[in-house]
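J.: Predicted model, plus sequence, below.
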Amino acid sequence: MEDQEKITVLCVGPKGSGKTTLLKRLQEEDGIDYTYSPVPTIGTNLYDIHYLNKNGKKQILTIREVGGEMVQLWYSYLDGIEKVIFVVDTSNLCQISSAAVMLYTLLAEPKLRQAKMRNEALLMLQFTRLCSEQANTLILLEASPLTGVGLDSLRQFLIEKRKSSCVKK
C-alpha cells in the first residue's frame, strides 16, 4: 500500500440530493440498479475508489460523504481536504436556494481556500460571478448516477492534479 497515492475528497450537499447514489455509481459501474433504494445518510460514509493512474500506478481515492442532515458538522471534516463534490438535485426546485446558501457558506471556509470544488449541476447560481469572487478552483458539472451522464468528467476531476480555472461543463 505504500506506493499508492491517497487523495482525500469530501462529498456534501443537502439531504436527499443524491450523494450516496452518485458515490455508489462512481465506486462501481453497476453500483446501482432498478432495485436500489437509497436511505438517508446519518453520519458519514467512506467510499474507496480504486483505479490505475496514467503511469499504471495503483491509486485509491477516498471520498467521505457527510449526510445532508449534518450540515452543521461539515466543517469538522475539512482538514486535509483537497477536493469537494457539492451535490444538488436540480429537479428539486425547493432545494436549489437552500443549496446555494450552503455552497456559499462552504466556499467562505478558510480551510478550503486551496481545495478544488466540483458542483454537481447547481445551474441556478451565477457561476461566472461566483468564480470571480472565489479563490477556490470551481467546476460546474451536470451528472446523473442513473443515466451515467457526466460520470467520466467527474472521475477525471477526481484524479487530475493540475490547477484549473472556473469551468462549466
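T.: Right, received. Where do you want to start?

J.: other SSEs contacting the lengthiest helix in the chain?
T.: Secondary structure of the chain read by DSSP state H shows that its longest helix is helix 93-107. Applying 3 or more C-beta pairs under 8 Å, 6 or more residues apart in numbering; DSSP states H and E, one finds that helix 93-107 contacts strand 83-87. Every residue, glycine included, has its C-beta placed from N, CA and C.

J.: Just checking: what are the partner strands of the strand it packs on?
T.: Strands that pair with strand 83-87, judged by DSSP bridges, come out as strand 5-12 (parallel), strand 116-120 (parallel).

J.: Report the buried residues of the longest helix of the chain.
T.: 95-96, 99-100, 102-103, 106-107 (16 or more other C-beta atoms under 10 Å).

J.: Turn those residues into TSV, including distance to residue 11.
T.: Listed next are the buried residues of helix 93-107 as TSV, based on distance: C-beta to C-beta, whole Å:
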residue	distance to residue 11
95	16
96	18
99	14
100	18
102	13
103	13
106	12
107	16
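
J.: got CSV for those residues, with distance to residue 71 and pLDDT too?
T.: Converted to CSV, those look like this (distance: C-beta to C-beta, whole Å; pLDDT from 0 to 100):
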residue, distance to residue 71, pLDDT
95, 12, 86
96, 15, 86
99, 10, 88
100, 13, 86
102, 6, 90
103, 11, 87
106, 9, 87
107, 14, 82
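
J.: now, which of these sits nearest residue 78?
T.: The nearest member of those to residue 78, counting by C-beta to C-beta, is residue 106 at 8.7 Å.

J.: I'd assumed residue 115 was in contact with the closest one.
T.: No. Because the distance of 9.5 Å does not satisfy C-beta atoms under 8 Å, residue 106 is recorded as not touching residue 115.

J.: got any residues that touch both of the two?
T.: The overlap between the contact sets of residue 106 and residue 115 (C-beta atoms under 8 Å, 6 or more residues apart in numbering) consists of residue 84.

J.: picking that back up, so what angle separates the directions of the longest helix of the chain and strand 83-87?
T.: 160 degrees (axes from the mean of the first three to the mean of the last three C-alpha atoms, to 10 degrees).
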